[in-house]
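Novice: Just to be clear, the model below is a prediction. Sequence and coordinates:
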Amino acid sequence: MKIAVLGGGNGSFAGAADFALQGHDVRLWRRDASQVAQHRAAGSRILLKDADGRHDVQLALVTTDMAEAVRDAELILCPTPAFAQGDIAGRLAPHLGDGQVVFLPPATFGSMIFAAAARDAGNPATVSFAETGTLPWLTRKHGPFEVAITIRAKRLPVGVFPLNAADHALGVIGRAFPGVIEPCGDALSGALMNAGPIIHSPLIVMNAGPIEHFERWDIHKEGTQAAIRRVTDALDAERIAVRKGLGYGNPHFPLAHHYATEGEQWMYGRGSHDRLTDSGDWREPIMLTQHRYMREDLRLGLSFLASVAELAGVATPLAFSFLAIGGAICGEDFTEGGRTLASLGLGHLDRDELQMLLRRGFDE
């Protein structure tokens, strides 16, 4: 199938390389013209390293031209940080065509940003938007055109906007991720599967001292101590309570399963945490106030969770606590300017009105 991948980070390179390895026609879009020129000069190839060895894969196209990248693509994958979604959604909106599926793994309810951008651009195309709970790959770039995949996702719970397009959207996404996709309802349900704010917020805040002290720090290895795991489980309980408060049923993909070596399989499968830390790829320099875990997962992800919790009538004291402490670390007020239902233009809707919008979309 024809797949467009947007972005130049870890997830985008992993997606482009993995899809090309599977034999798909892959076009990679990036904003950085100099990087695109260098990539083309290098043959528009990516060196992919995984458990099976090294794979030199060929992309069909590397470009800065969004229209060229997404033309006739059945699936458009955008695994970029949530704080980049507004700009990319605006660039993409005029070029979307009937039947295309935009997949955001994960998204912090970014599906609404992309859908609203298409609406505001006056694009009448029938497009569906979907998001899931984690990046489909545990991955890190090892060079400008080289990426390592430690683990591929085993289960991806996916929510779709509008929900009445779920059959088509899940069918398209399922062809790119065979045997991995699990429907979880509407896009808000998919957003409330996002594991990043639950894992990363305690790690970035509760390890602030070592992060600032050591030149390199693996917060997934030394930073994942028993005390932090207890906090992570408690924060995840708030997420699950919000899901239940809005009427979403099992499975909720509790984060505890990510660390377990037996029992129910989590998104990355059993034993994935140990494989992640064994890779060594997450021992890295961390700029505490600028890291994606702080700027995306905490500032945007937890503010969104807290916002939805208010609609659900569920208390989230830990989410608010991390927002307060993270904001203090960064010298900002994370309770202002984060991502909320109000900032997404949905704050005026009650629960029934929001559920109707999620089911039917903007145009009905």
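Specialist: Everything's here; your move.
Novice: which residues does Gly313 contact?
Specialist: Gly313 makes contact with Gly245, according to CB atoms under 8 Å, 6 or more residues apart in numbering. Placement of C-beta: from N, CA and C, glycine included.
Novice: cool, Lys2 as well?
Specialist: 24-25, 27, 72-75.
Novice: Farthest-apart pair in these, please.
Specialist: The span of the contacts of Lys2, defined through CB to CB, is set by His24 and Asp72 at 13.0 Å.
Novice: More neighbours: which of these two?
Specialist: Each of His24 and Asp72 has its neighbours counted (other CB atoms under 10 Å); His24 has more, 18 against 10.
Novice: now that one: how far from Arg119?
Specialist: Noted for His24: a distance of 29 Å to Arg119, by CB to CB, to the nearest Å.
Novice: thinking again about what came up before, just the buried ones out of the contacts of Lys2, please.
Specialist: Buried members of those, scored by 16 or more other CB atoms under 10 Å, are 24-25, 27, 73-75.
Novice: I'd guessed Pro162 sits against Arg359; true?
Specialist: Yes: in this structure, Pro162 is within contact of Arg359 by CB atoms under 8 Å, at 6.2 Å.
Novice: Can you check which residues contact both of the two?
Specialist: Asp186.
Novice: Which one's more surrounded, these two?
Specialist: Neighbour tally, Pro162 and Arg359, criterion other CB under 10 Å: the higher count belongs to Pro162, 24 against 15.
Novice: In space, what's closest to that one - neighbours in sequence excluded?
Specialist: Nearest in space to Pro162, with sequence neighbours left out and distances taken as CB to CB, 6 or more residues apart in numbering, is Gly361 at 3.3 Å.
Novice: For that neighbour, which residues are in contact?
Specialist: Residues near Gly361 by CB under 8 Å, 6+ apart: 115, 161-162, 164-165.
Novice: Just among those residues, which is most surrounded?
Specialist: Neighbour max across the contacts of Gly361 (other CB under 10 Å) = Phe161, 30 neighbours.
Novice: Apart from its neighbours in sequence, what residue is nearest that residue?
Specialist: Using CB to CB, 6+ apart, the closest residue to Phe161 is Ala187 (3.7 Å).
Novice: What residues sit buried inside whichever strand or helix holds Gly327?
Specialist: Gly327 is part of helix 317-330 when elements are defined by DSSP states H and E. Across helix 317-330, burial judged by 16+ other CB under 10 Å covers 318-320, 322-323, 325-327, 329-330.
Novice: Turn these into JSON lines, including distance to Gly249.
Specialist: Formatted as JSON lines, the buried residues of helix 317-330 follow (distance: CB to CB, whole Å):
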{"residue": "Leu318", "distance to Gly249": "23"}
{"residue": "Ala319", "distance to Gly249": "22"}
{"residue": "Phe320", "distance to Gly249": "26"}
{"residue": "Phe322", "distance to Gly249": "27"}
{"residue": "Leu323", "distance to Gly249": "28"}
{"residue": "Ile325", "distance to Gly249": "33"}
{"residue": "Gly326", "distance to Gly249": "31"}
{"residue": "Gly327", "distance to Gly249": "34"}
{"residue": "Ile329", "distance to Gly249": "36"}
{"residue": "Cys330", "distance to Gly249": "36"}
